[in-house]
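A.B. asks: Coordinates for the following, if possible.
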Amino acid sequence: HLATSLPLPSERDHLRPRIDLIVFMIDIKSKYSLKNVEASLAHVDASFFLGKVCFLVSGVGRMNYCSVEMNAIWKLGEVYGSPVLFCELELEGMRVATAQRLLRMLQICAGHVPGVSALSFGSLMRNSADD
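C.D. replies: Have a look, this model is predicted:
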């Protein structure tokens, strides 16, 4: 399910499936994109930041057109304890690799990978980003 911002409309709450992973997409070429994500974060329950949120930054192949400061993106990941993934969605290989990575994250967050919890996976992602 996709949403352009949060909160989600409440009129269909009873039909909405369980939310296992929230991926906030930031277009590196759009300051509005970052502002929208920052405003939406206030509507996410704190428990989701225990391994069920990540930030996906697109447009990294064109850093010369960058409108968003990388420090602001890294700070989001730090403040919310959530991994930051970078991709270039216009390249098919990167798009496929990113989709596979997000699918694996979703499987873990939904509890479909025995022995790995969303919390431990989120911690592992943050530790690998520090290396």
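A.B. asks: which residues are contacting the host helix or strand of residue 93?
C.D. replies: For residue 93, the host element (DSSP states H and E) is helix 92-109. By Cβ atoms under 8 Å, 6 or more residues apart in numbering, the residues outside helix 92-109 that reach it are 20-21, 23, 51-52, 54, 56, 61, 85, 87-89, 113, 116-118, 121. In this view, the C-beta of every residue, glycine as well, is placed from N, C-alpha and C.
A.B. asks: That one: which residues count as buried?
C.D. replies: Buried residues in helix 92-109, counted by 16 or more other Cβ atoms under 10 Å: 94, 98, 102, 105, 108-109.
A.B. asks: And for stretch 76-94?
C.D. replies: Buried, per 16+ other Cβ under 10 Å, within stretch 76-94: 76-77, 80, 82-89, 94.
A.B. asks: Point out the least confident one among these.
C.D. replies: Among those, residue 89 has the lowest pLDDT, at 86.
A.B. asks: hang on, isn't it packed against residue 58?
C.D. replies: Yes: if you go by Cβ atoms under 8 Å, residue 89 and residue 58 touch, sitting 4.9 Å apart.
A.B. asks: With only the CA atoms kept, save stretch 15-33 in CSV.
C.D. replies: What follows is stretch 15-33 as a C-alpha-only set of coordinates in CSV (Å, rounded to 0.1, in the frame of the first residue of the first chain):
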residue,chain,number,x,y,z
LEU,A,15,-10.2,-2.8,6.3
ARG,A,16,-6.5,-1.9,6.5
PRO,A,17,-4.1,-4.9,6.9
ARG,A,18,-1.5,-5.0,9.6
ILE,A,19,1.5,-2.8,8.8
ASP,A,20,4.8,-4.6,9.1
LEU,A,21,7.2,-2.1,7.5
ILE,A,22,7.1,1.6,6.7
VAL,A,23,9.4,2.8,4.0
PHE,A,24,9.8,6.5,3.9
MET,A,25,11.0,7.5,0.4
ILE,A,26,13.1,10.6,0.0
ASP,A,27,13.9,12.0,-3.5
ILE,A,28,17.4,13.6,-3.1
LYS,A,29,16.4,16.2,-5.8
SER,A,30,13.4,17.5,-3.8
LYS,A,31,13.4,19.4,-0.5
TYR,A,32,9.7,19.0,-0.4
SER,A,33,10.2,15.2,-0.3
